[in-house]
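[1] sequence and computational prediction follow.
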Amino acid sequence: MNLLNVYDKWPVEPVKGLGCRLWDAGGNEYLDFYGGHAVISIGHCHPVYVKMMKEQLGKLGFYSNAVQNTLQNCLAERLGDMCGYPDYSLFLCNSGAEANENALKLASFHTGRKKVLAFGKAFHGRTSGAVSVTDNPKIRSPFNATDNVVFVPLNDIESARKELNTGNYAAAIVEGIQGVAGIRVPESGFLQGLRNACNLNDTLLILDEVQSGYGRTGSFFAHQQSGIKADMITTAKGMGNGFPVGGVIVSPDIKVEKGMLGTTFGGNQLACTAAIAVLKVMKEENLMGNAKSTGEYLVSALKGNHAISEIRGRGLMIGLEIKEGYSDLRNRLLFEKHIFTGASGKNVIRLLPPLCTGKKEADIFIKSFNELTK
């Protein structure tokens, strides 16, 4: 049997990682400024993470949600305290797409409505409901097509208000920062206006913080920098530092009955241990503060580079829009400078490094980037 060929892959296989570094089977060292697509939050093979995971695996790796699991309660309490939503509740699942699926389902249950407002160039996942609110026809099959989703441009508050004022919407779903779209940041005034419009129309506001959450932007969630609160927040990626875990953080105003939601693997013992370890390291090493300062340093140093037409983002979620003629720059960073980066389309390089990335690693990237674009 062969693997289904659905990915474009580089001819590189990392076999070892530590902090912000990776090594391939030949012993070649790489700087990781991609973080496995924003998944590696506290760094590869962090000793606290490895120790806690080994200890838990030696006791119990998995049992279903048919039994008590105090690790889930521990995670919910610590996450609530750190993220600034201590009075909300947590539903645990396995991925960002699954988190968005369940948030949309809860919004429909709560309001009794079907319609959802989403935004241009959004990406919320590849499962049925999540892909329906994703603005990418290439990944939406006829099965996913629905009249219940309406898209308006990001940051166009008047278009959003016009739709929401019809009173037909269960939810509006928006990313804290649009990642796949090329690091597109919702304006603070737009998010504040969207929050107000949702309030006026009894519509729930869902913040998809799957990529932009967990300290990546310098605050726990990106939307918190706009001074708003969401009715539900979805999270995954950096939550488990590579172990599959996701969650929906749910307002106490939303009533959830038993049987509405469920999952086999969600919130299992290893997943909870991974997520607890991430929060422990984030707090003890001030990784949110580090993401903010390192991100500011990178942006300041890269401004003025003639190959860049625009720099967008916050913290360690940075998009470098590259001018015409630099389409191979990402490949050159990898193969000539041994630096992993992300991409959006053909002209945006996404920087999503581990939150432990410091000035030393930033200087390596800056020097390499400048050498390739001189």
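    Arrived safely, thanks for sending.

[2] from here on, just use CA atoms for contacts and neighbour counts.
    Noted.

[3] and the gap between the spatially most central residue of the chain and residue 8?
    Residue closest to the mean C-alpha point of the chain, counted by Cα atoms, centre = their mean, is residue 211 at 1.1 Å. With the distance defined as Cα to Cα, to the nearest Å, residue 211 ends up 21 Å from residue 8.

[4] then residue 357?
    Between residue 357 and residue 8 the distance is 27 Å, computed by Cα to Cα.

[5] equivalent analysis for residue 104, please.
    Computed with Cα to Cα, the distance linking residue 104 and residue 8 is 31 Å.

[6] could I get the full set of helices for the stretch 151-300 of the chain?
    Along the stretch 151-300 of the chain, the segments classed as helices by DSSP state H, counting those that start in this stretch run 157-164, 188-200, 269-284, 287-302.

[7] now the strands for the stretch 201-350 of the chain?
    With DSSP state E, counting those that start in this stretch as the definition, the stretch 201-350 of the chain shows strands at residue ranges 204-208, 232-235, 246-250, 308-314, 317-322, 339-340, 342-344, 348-351.

[8] least reliable of the ones you listed by average pLDDT, please.
    Among the strands of the stretch 201-350 of the chain, strand 342-344 carries the lowest mean pLDDT, a mean of 94.

[9] for residue 284, the count of nearby residues, please.
    Neighbours of residue 284 under the rule other Cα atoms under 10 Å: 8.

[10] please apply the same query to the one 5 residues further on.
    Counted by other Cα under 10 Å, the residues lying close to residue 289 total 21.

[11] cool, and residue 67?
    Using other Cα under 10 Å, residue 67 has 7 other residues around it.

[12] could you do residue 162 as well?
    Should you count by other Cα under 10 Å, residue 162 turns out to have 11 residues around it.

[13] kindly report the same for the one 4 residues further on.
    Around residue 166 sit 9 other residues, with neighbours defined as other Cα under 10 Å.

[14] over to the one 3 residues further on?
    Here the neighbour count serves as a burial measure; for residue 169 (other Cα under 10 Å) it reads 26.

[15] pLDDT score for it?
    Model confidence at residue 169, given as pLDDT, is 98.

[16] ok, now which ones touch the residue nearest to it when sequence neighbours are not counted?
    Closest residue to residue 169 apart from its sequence neighbours, by Cα to Cα, 6 or more residues apart in numbering: residue 115 at 4.7 Å. Neighbouring residues of residue 115 by Cα atoms under 8 Å, 6 or more residues apart in numbering: 148-150, 168-171.

[17] next, the buried residues of stretch 185-204.
    185-188, 190-195, 197-198, 201-204 (16 or more other Cα atoms under 10 Å).

[18] stretch 356-370 too?
    For stretch 356-370, burial by neighbour count (16+ other Cα under 10 Å) applies to 356-358, 361-362, 365, 368-369.

[19] returning to what we had before: highest neighbour count among the contacts of residue 115?
    Busiest of these [other Cα under 10 Å] is residue 171, holding 31 neighbours.

[20] partners of that one in the sheet?
    Beta-bridge partners of residue 171, counted by DSSP bridges, are residue 116, residue 204.

[21] now residue 352: how far from residue 127?
    Computed as Cα to Cα, the residue 352 to residue 127 distance reads 24 Å.

[22] secondary structure element for residue 51, which one?
    Element membership for residue 51, per DSSP states H and E: helix 47-57.
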